[in-house]
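Student: dropping the sequence and predicted coords here.
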Protein chains: 2
Amino acid sequence: MEEIDRAIVAALTADGRLSYTDLAEKVGLSVSAVHQRVRRLEQRGVINGYTARVSFEALDLPLTAFVAIRPFDPSQPDDAPVRLAHLPEIDSCYSVAGEDFYLLLVRVAGPLDLERVLQEIRTSANVTTRTTVVLSTPYEHRPPKVALDPAGPHRVRGASAESAGSQPG
Amino acid sequence: MEEIDRAIVAALTADGRLSYTDLAEKVGLSVSAVHQRVRRLEQRGVINGYTARVSFEALDLPLTAFVAIRPFDPSQPDDAPVRLAHLPEIDSCYSVAGEDFYLLLVRVAGPLDLERVLQEIRTSANVTTRTTVVLSTPYEHRPPKVALDPAGPHRVRGASAESAGSQPG
DNA sequence: TCTGAAAAGTAATTAAA
DNA sequence: TTTAATTACTTTTCAGA
């Protein structure tokens, strides 16, 4: 039932360009049934979109680092993510609990680029940095264990009749 | 020329299911020309594969945390990544320079699950953990600035870029 | 919610400029 | 490296169970 949805999500995280034909065969359903379910998963937001995975080596970005930042002056307005967004070397920005304010994931060509990016981070956001260089990546972006909420993330048990098919404005 | 390849990679990271027809229109080339270039990008390893992006909220995994680990007994063989690979809550595993040995990215349903996973990490790999909870994610997995090496990733300029990698095979 | 089938659109190959 | 034409496959929609 939604074991099938789980299988669909798992298959599409493994290969986002799978045809509905192949997908149907994989999950043991007809093509149009699978098609329908994928559309519902997309509408519910379970599937957000599709992307090509790129090799950072091939893009000449072999050096990854985590950069923890905290403001020089903690009394000033904290808009570091916005002030740093223009730096294409920043892959991700996480607001974190703990001693640091943000944790950045950065990808560059080499140490000299890392040095430059760190300087740009410091001056752009008026922060201090603490950098952890990544030596290798045993695994990354593994597909999550899919456990689907039957009607999306806001389900209330027994609250109302089946409204899954209706669309908000 | 390879400005076009850059445009193709950028377009496919933004939407991995773009048809060659749309892609061709986007980059101003014929369909089969684009098709050819995509195949070359895939063969060169610039494009590694395609995935569906899933919403971790929708999958009931709203809590993200970074878990830094180091071994209880540093003299024992260090195979933490392998010993932890069975835990589906671990999204990524980075081997890092610095005081810690590895940095894990973990996604769970809530604090109780995080507690359980931390215990499983400690017992599975015989390590201590230091956990940083993510409060929010201003941005994540941004498309990199695409700067293509004309002949792919096997260009030799000095010989240092080889082992500093960030991607698994 | 499923199946099966038809129409429209797309992929992947080939020949050739 | 490109365009253009071909064939097979895929997506999408529909009627019906």
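Tutor: Received the coordinates, thanks.
Student: use CA for all of it now, contacts and neighbours both
Tutor: Noted.
Student: please state the offset of stretch A:102-118 from the chain centre?
Tutor: Taking CA atoms, centre = their mean, to the nearest Å, one finds the center of stretch A:102-118 at 20 Å from the center of the full chain.
Student: typo on my end, it should be stretch A:14-27
Tutor: Between the centre of stretch A:14-27 and the centre of its chain there are 22 Å (CA atoms, centre = their mean).
Student: touching DNA strand C at all, it?
Tutor: No: remark: stretch A:14-27 sits outside contact range of DNA strand C, by CA under 7 Å from any atom of the strand, the gap being at least 8.0 Å.
Student: pull the CA atoms of that stretch into PDB?
Tutor: Written as PDB, here are the backbone C-alpha positions of stretch A:14-27 (Å, rounded to 0.1, in the frame of the first residue of the first chain):
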ATOM      1  CA  ALA A  14      18.700   5.800  -6.300                       C
ATOM      2  CA  ASP A  15      18.000   6.800 -10.000                       C
ATOM      3  CA  GLY A  16      16.100  10.000 -10.500                       C
ATOM      4  CA  ARG A  17      15.700   9.400 -14.200                       C
ATOM      5  CA  LEU A  18      14.000   6.000 -14.000                       C
ATOM      6  CA  SER A  19      11.200   5.700 -16.500                       C
ATOM      7  CA  TYR A  20       7.800   5.000 -15.300                       C
ATOM      8  CA  THR A  21       8.000   1.700 -17.200                       C
ATOM      9  CA  ASP A  22      11.000   0.600 -15.200                       C
ATOM     10  CA  LEU A  23       9.600   1.900 -12.000                       C
ATOM     11  CA  ALA A  24       6.300   0.100 -12.600                       C
ATOM     12  CA  GLU A  25       8.200  -3.200 -13.100                       C
ATOM     13  CA  LYS A  26      10.300  -2.600 -10.000                       C
ATOM     14  CA  VAL A  27       7.300  -2.000  -7.700                       C
END
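Student: helices or strands up against the longest strand that chain A contains?
Tutor: Longest strand of chain A, by residue count under DSSP state E: strand A:127-139. If you count contacts as 3 or more CA pairs under 8 Å, 6 or more residues apart in numbering or on different chains; DSSP states H and E, strand A:127-139 packs onto strand A:63-71, helix A:111-125, strand B:90-96.
Student: which among those is found nearest to DNA strand D?
Tutor: If you check each of the helices and strands packed on strand A:127-139 against DNA strand D by CA to the nearest atom of the strand, strand B:90-96 wins as the nearest, at 27.4 Å.
Student: residue ranges with poor pLDDT in chain A?
Tutor: Low-confidence segments of chain A (pLDDT under 70): A:1, A:148-169.
Student: per-domain residue ranges of it.
Tutor: Following automatic domain parsing, chain A resolves into domains at A:3-52+A:146-165, A:63-133.
Student: among those domains, which is nearest B:Gln119?
Tutor: Closest to B:Gln119 of the domains of chain A, according to CA to CA: domain A:63-133, at 20.0 Å.
Student: figure out the length between the terminal residues of that closest one.
Tutor: 8 Å (CA to CA, to the nearest Å).
Student: same check, this time on stretch A:38-50
Tutor: So stretch A:38-50: terminal residues 12 Å apart, CA to CA.
Student: that one vs DNA strand C: in contact?
Tutor: No: against DNA strand C, stretch A:38-50 shows no contacts by CA under 7 Å from any atom of the strand, the least distance being 8.1 Å.
Student: and the contacts of that stretch?
Tutor: The contact list for stretch A:38-50, computed with CA atoms under 8 Å, 6 or more residues apart in numbering or on different chains, reads A:5, A:8-9, A:16, A:151-152, B:13-17, B:50-56, B:58-59.
Student: thinking again about what came up before, tabulate the helices and strands packed on strand A:127-139 (TSV), appending distance to DNA strand C.
Tutor: Formatted as TSV, these follow (distance: least, CA to the nearest atom of the strand, whole Å):
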stretch	distance to DNA strand C
strand A:63-71	32
helix A:111-125	36
strand B:90-96	29
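Student: quick one, which of those gets closest to A:His35.
Tutor: Comparing the helices and strands packed on strand A:127-139 by CA to CA, strand B:90-96 comes nearest, at 27.9 Å.
Student: and the next element down the chain from that closest one?
Tutor: Per DSSP states H and E, strand B:90-96 leads on to strand B:102-108 as the next helix or strand towards the C-terminus.
Student: just the residues contacting that next one, thanks.
Tutor: Applying CA under 8 Å, 6+ apart, the contact partners of strand B:102-108 are B:60-70, B:89-96, B:114.
Student: repeat that with 6 Å
Tutor: Contact with strand B:102-108 is made by B:61, B:63-69, B:89-96, as judged by CA atoms under 6 Å, 6 or more residues apart in numbering or on different chains.
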